[in-house]
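Undergrad: okay, sequence plus prediction incoming.
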Amino acid sequence: GAVDRMYVASDRIRKLAKRRGAKVKDENLVMSGLPIRNDFADHAEKMGCRTTEEGKAYRRNMKAALGLDPEKKVILLMGGGEGPGTIAEAASVGLPIMLTSFLPGQEAGNVDIVLDGGFGAFEKNPKRIAEKLSGWLKDESLVDEMSRRSEATGNPHAAADIVIDIGKITLEIIAKNR
């Protein structure tokens, strides 16, 4: 049967769905972002843009709440097995991303999303990873720009947006069938 609506996480996936023959009209192919936990939406709203003074103050408060020195820079480095959910969570709060590996086939597209979006890097070599991260720590304007690009890619409200849209469609179908 016909597809009423298809939700996709990115333009890249939208194009892939069309190439692979998704029988859905363009207006019913919705780029929603990847649904993630609502906690990320809450933090994204409270923080605002992480590069503003308000965003930086929020980040300092979060570091202190976690028992970290609020004045020191923090890097979260993860290696292997990060799926699109982890990337969507990081992007929802504007975090630059350093990818160090991926599962061939299953996660290869994640590297493209980060690199094409301009909010991170991919390095396998530990020495180059350290060099790249060291460069980030020394260049606040670069990190701020990557943060803005990350934030532009992320949609912390994707899950809510999808649920609301499905609810509207459901109400329309109910109204038609009365």
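TA: Okay, I see it. Residues are numbered from 1 along each chain as shown.
Undergrad: give me the most central residue, this protein.
TA: Central residue check for the chain by Cα atoms, centre = their mean: the C-alpha nearest the mean position is that of Ala88, 2.5 Å away.
Undergrad: low-confidence ranges in this structure?
TA: 1, 78-82, 106 (pLDDT under 70).
Undergrad: need the contact list for the residue nearest to the centre of the chain.
TA: With contacts taken as Cβ atoms under 8 Å, 6 or more residues apart in numbering, Ala88 has the following neighbours: 9, 33-34, 36, 154-155, 158. In this view, the C-beta of every residue, glycine as well, is placed from N, C-alpha and C.
Undergrad: next structured bit after the helix or strand hosting it?
TA: For Ala88, the element it lies in under DSSP states H and E is helix 84-92. Counting by DSSP H and E, the element after helix 84-92 in chain order, helix or strand, is strand 97-99.
Undergrad: now tell me what touches that following strand from outside.
TA: The contact list for strand 97-99 (Cβ under 8 Å, 6+ apart) reads 75, 77, 82, 87, 90-91, 110-111, 114, 119-123, 129, 132-133, 150.
Undergrad: in strands, which of those residues appear?
TA: Within the contacts of strand 97-99, residues falling in strands by DSSP state E are 120-122.
Undergrad: can I get the helix holding Ala88 in PDB, CA atoms only?
TA: Extracted as PDB, the C-alpha positions of helix 84-92 are listed here (Å, rounded to 0.1, in the frame of the first residue of the first chain):
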ATOM      1  CA  PRO A  84      23.500   7.700  14.600                       C
ATOM      2  CA  GLY A  85      21.800   8.200  18.000                       C
ATOM      3  CA  THR A  86      25.000   9.200  19.700                       C
ATOM      4  CA  ILE A  87      25.700  11.700  16.900                       C
ATOM      5  CA  ALA A  88      22.100  13.000  17.000                       C
ATOM      6  CA  GLU A  89      22.400  13.500  20.700                       C
ATOM      7  CA  ALA A  90      25.700  15.400  20.400                       C
ATOM      8  CA  ALA A  91      24.400  17.500  17.600                       C
ATOM      9  CA  SER A  92      21.200  18.400  19.500                       C
END
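Undergrad: in that helix, what's buried?
TA: Taking 16 or more other Cβ atoms under 10 Å as the basis for neighbour counts, the residues of helix 84-92 that come out buried are 84, 86-92.
Undergrad: pick out the most distant pair among those residues.
TA: Set against one another by Cβ to Cβ, the buried residues of helix 84-92 have their most distant pair in Pro84 and Ser92, with a gap of 12.1 Å.
Undergrad: in TSV: the ones in strands among the contacts of strand 97-99, plus neighbour count.
TA: Shown next, in TSV, are those (neighbours: other Cβ atoms under 10 Å):
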residue	neighbour count
Gly120	23
Ala121	20
Phe122	17
